[in-house]
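Undergrad: sequence and predicted structure, then a few things I'm wondering about:
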Amino acid sequence: MKTGFYPGCSMKGSAREYSESLLAVARELNRELPEVPDWNCCGATAAHNLDPDLALALPARILAAAEKDGMDEVLVPCAACYSRLKVTRHELLEDEQLRQRISGLVEADYRGSTEVLNILEWLSRVPELEKHVKKPFQRKVACYYGCLLVRPAGIVKFDRPEDPQTMDLLMRKLGAEPIDWAFKTECCGAGFSVSRTDLVAKLSGHILEDAVSRGAEAVIVACPMCHLNLDMRRPNIEKRAGKKISIPVIYITQALGLAMGLPAKKLGLQRHKVAVKISAANAAAKDI
Amino acid sequence: MRSDPHVHAAGAALADLVLKKTGVDVARCYQCGKCSAGCPLAAEMDFPPSQIMHLLQLRDLPGFAEMALRSHTIWLCLTCEICFCRCPMELDIPKVMDALRHEALARGMVHPKAKDILAFHRAFLDSVRVTGRLFEMGQVVDYKLRSGHFLQDMLQAPWMFWVGKLHLLPERVRDRRALKRIFARTRRAGEKRP
Ligand code: SF4
Ligand code: SF4
């Protein structure tokens, strides 16, 4: 079984700590993650909004490259890229005519043998994850899934679309206490981070306020876009809310890394806008 | 007014186009409002999703369907998929929004307030066309030029650079020609320069 890795653009740039922590954790777990050869951008919301053919062609080229390389599946940790690849795979396999037309556009044939995997699926498959935990993550956490990991349910076919549990179960294995809350799958404002920062401040603000009011000490995420909005847009969120909101936002791979006892720096925690002052276990704060 | 054959045909054509492109028959919507109740941006929209569906249902009255095309809503929709998830008739509303956006672009009917959103998307695709991957720094500059918001996020960039999130040089795909060909083949109204 060959599992490839599609980092996508943000994991190479503004979300590099997601990639750093994933690769650090994969090394610890003895998992190889070769990148999809010469991968391109998935087109994200821009292609999706402006050009339906491009929105299928860009992910199709990625899937075809992975397939050609003999990858049985591709891990796509960015939830937004995951959605684009998963939806494209679905549409192409549903409609043979469309598949042939898009194959022609990208000069490569994707036949559908390569599956698309999100980070929670990949982590859930690690047998006896608990055994790798050296410093239990003894914190109350708000597991935030966002939209694209769980919807549209008929296509992603992953967990419940409005009250998913996979991340909660994972965090429990790490020793954390996931809270029950109302904004698990509410939208953070997604691709409006730059063009409509005001709306991101509002939507992301509601998410953080609910997490805080229910006693969470950290928000756990599995998407660079969610992280960007909840962490880097914190000044905008605080300005709109008229108060300080200091809850940190941590990638699931960073939480796992901390629980495995990996140093914070290796997990890229120093790159966050909102300081991560909590650590796994009740270890001293100097860990971070 | 009802007898105006031209306008009448335009409304009907739009509902039919939506059906053809998305498989969604807007007539099946019974206006329960669940989509609008769950939509995170309903309050910002000129027409919440259920009203967009209603406008399309008014296919036989002149001008209404076109209001959906000219709406701010279709540009605000984040494709969060909550509406589709909750619709008792299982109508794929986000797909309807997609179809309306593409049609609005093709007909040059984009809502004036959607200018920044569109500028951002275009700057994004420009970057991908040239390098095959998103070059965040290049995109931000491109967006500033297109939107005229020169001062926005001025303080964010040095911080991002400092913590190692912003690169001065783009990541590139090796086979950039293949990417250019894909863009050339798929080029459509929306992708062209404004
Ligand atoms: S939820 Fe479905 S049936 Fe109800 S108003 Fe919205 S589109 Fe119509
Ligand atoms: S997909 Fe669009 S219309 Fe539907 S709930 Fe989300 S933002 Fe609203």
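TA: All right, it came through fine. Ligands and ions are numbered 1, 2, ... in the order given.

Undergrad: and the helices in chain A?
TA: In chain A, the segments counted as helices under DSSP state H are A:8-12, A:16-28, A:44-50, A:52-68, A:79-94, A:96-106, A:119-124, A:153-156, A:166-173, A:197-213, A:224-227, A:234-241, A:252-259.

Undergrad: nearest to ligand 1, out of these?
TA: Closest approach to ligand 1 among these (CB to the nearest ligand atom): helix A:153-156, 15.1 Å. Placement of C-beta: from N, CA and C, glycine included.

Undergrad: what is the closest one packed up against?
TA: Contact here means 3 or more CB pairs under 8 Å, 6 or more residues apart in numbering or on different chains; DSSP states H and E; on that basis helix A:153-156 packs against helix A:79-94.

Undergrad: can you tell me what sits against the helix it packs on?
TA: A:6, A:8, A:42-45, A:48, A:55-56, A:58-60, A:62-63, A:74, A:76, A:98-99, A:102, A:110, A:112, A:115-116, A:118, A:146-149, A:152, A:155-156, A:190-191, A:222-226 (CB atoms under 8 Å, 6 or more residues apart in numbering or on different chains).

Undergrad: tell me the residues of chain B that contact ligand 2?
TA: Chain B comes close to ligand 2 at residues B:38-41, B:49, B:77-83, B:93-94, B:97, as judged by CB under 6 Å from any ligand atom.

Undergrad: who wins on neighbours among these?
TA: The most neighbours of any of the residues of chain B next to ligand 2, using other CB atoms under 10 Å in any protein chain shown, belong to B:Pro49, which has 30 neighbours.

Undergrad: low-scoring stretches of the stretch 1-150 of chain A, by residue?
TA: Within the stretch 1-150 of chain A, no stretch has pLDDT under 70.

Undergrad: try 80 this time
TA: Residue ranges of the stretch 1-150 of chain A with pLDDT under 80: A:13.

Undergrad: same question for chain B.
TA: B:1-12, B:134-171, B:187-194.

Undergrad: could you look up the SS state of the residue lying closest to B:Gln51 once chain neighbours are set aside?
TA: Closest residue to B:Gln51 apart from its sequence neighbours, by CB to CB, 6 or more residues apart in numbering or on different chains: B:Ser36 at 7.2 Å. Here B:Ser36 is helix, with the state taken from DSSP: H, G, I helix; E, B strand; the rest coil.

Undergrad: now do B:Ser36 against A:Thr197, distance only.
TA: Going from B:Ser36 to A:Thr197 by CB to CB, to the nearest Å gives 24 Å.

Undergrad: got it, and B:Pro170?
TA: Note on B:Pro170: its distance to A:Thr197, by CB to CB, is 24 Å.

Undergrad: got it, and A:Val36?
TA: Separation of A:Val36 from A:Thr197 (CB to CB): 32 Å.

Undergrad: if you count what's nearby, which of these two comes out ahead?
TA: The neighbour comparison of A:Val36 against A:Thr197 (other CB under 10 Å) goes to A:Val36, with 25 against 21.

Undergrad: surely that one meets A:Ala65?
TA: Yes - A:Val36 lies in contact with A:Ala65 (CB atoms under 8 Å); the separation is 5.4 Å.

Undergrad: can you give me the helices in chain B?
TA: Using DSSP H, the helices found in chain B span residues B:5-22, B:34-38, B:49-57, B:64-69, B:73-76, B:82-86, B:93-106, B:115-131, B:136-147, B:156-162, B:176-186.

Undergrad: name the residues of the last one that are buried.
TA: For helix B:176-186, the buried set under the neighbour-count rule, 16 or more other CB atoms under 10 Å in any protein chain shown, comprises B:Arg176, B:Ala178, B:Leu179, B:Ile182, B:Phe183, B:Thr186.

Undergrad: what does that helix contact?
TA: Residues contacting helix B:176-186 (CB under 8 Å, 6+ apart): A:40, A:51, A:53-54, A:57-58, A:61, A:105-107, B:125, B:128-132, B:173, B:191.

Undergrad: next, count neighbours for residue 68.
TA: As the question left the chain open, I've gone with chain A. Neighbours around A:Lys68, by other CB under 10 Å: 14.

Undergrad: um, chain B though
TA: 27.

Undergrad: that one is in contact with B:Leu56, isn't it?
TA: Yes - between B:Ala68 and B:Leu56 there is a contact at 5.7 Å, judged by CB under 8 Å.

Undergrad: what touches both of those two?
TA: B:Leu14.

Undergrad: mind listing what A:Trp39 touches?
TA: Residues near A:Trp39 by CB under 8 Å, 6+ apart: A:Tyr6, A:Pro7, A:Ile62, A:Ala65, B:Val173.

Undergrad: A:Leu123 now?
TA: A:Leu129, A:Leu170, A:Ile252, A:Thr253, A:Leu256.

Undergrad: closest one of those residues to chain B?
TA: Nearest to chain B among the contacts of A:Leu123 is A:Thr253, at 16.6 Å by CB to the nearest CB.

Undergrad: isn't that closest one right up against A:Glu28?
TA: No - with contact defined as CB under 8 Å, A:Thr253 does not reach A:Glu28; the gap is 10.8 Å.

Undergrad: so which of the two has more stuff around it?
TA: A:Thr253 (26 against 14).

Undergrad: for the more buried one, give me its contacts.
TA: By CB under 8 Å, 6+ apart, A:Thr253 lies in contact with A:Tyr18, A:Ser21, A:Leu22, A:Ala24, A:Val25, A:Pro77, A:Ile119, A:Leu123, A:Leu267.

Undergrad: give me the neighbour count for the residue nearest to it when sequence neighbours are not counted.
TA: Using CB to CB, 6+ apart and skipping the chain neighbours, the partner closest in space to A:Thr253 is A:Ser21 (4.0 Å). Neighbour count for A:Ser21, taken as other CB under 10 Å: 26.

Undergrad: go on, A:Gly112?
TA: Applying other CB under 10 Å, we find 12 residues neighbouring A:Gly112.

Undergrad: report the contact partners of it.
TA: So A:Gly112 contacts A:Arg89, A:Leu92, A:Leu93 (CB under 8 Å, 6+ apart).

Undergrad: ends of stretch A:63-75, what's the gap?
TA: End-to-end distance for stretch A:63-75: 11 Å, by CA to CA, to the nearest Å.

Undergrad: that stretch: which residues count as buried?
TA: Quick answer for stretch A:63-75 (16+ other CB under 10 Å): A:Leu63, A:Ala64, A:Ala65, A:Ala66, A:Glu67, A:Asp69, A:Met71, A:Glu73, A:Val74, A:Leu75.

Undergrad: residues in contact with that stretch?
TA: Contacts for stretch A:63-75 (CB under 8 Å, 6+ apart): A:1-6, A:33-34, A:36-39, A:62, A:85, A:88-89, A:103, A:106, A:108-111, A:113-119, A:122.

Undergrad: distance between it and the chain's centre?
TA: In terms of CA atoms, centre = their mean, to the nearest Å, the gap separating the centre of stretch A:63-75 from the centre of its chain is 20 Å.

Undergrad: tell me how far the residue nearest to B:Gln51 lies from B:Thr131.
TA: Note on B:Ser36: its distance to B:Thr131, by CB to CB, is 40 Å.
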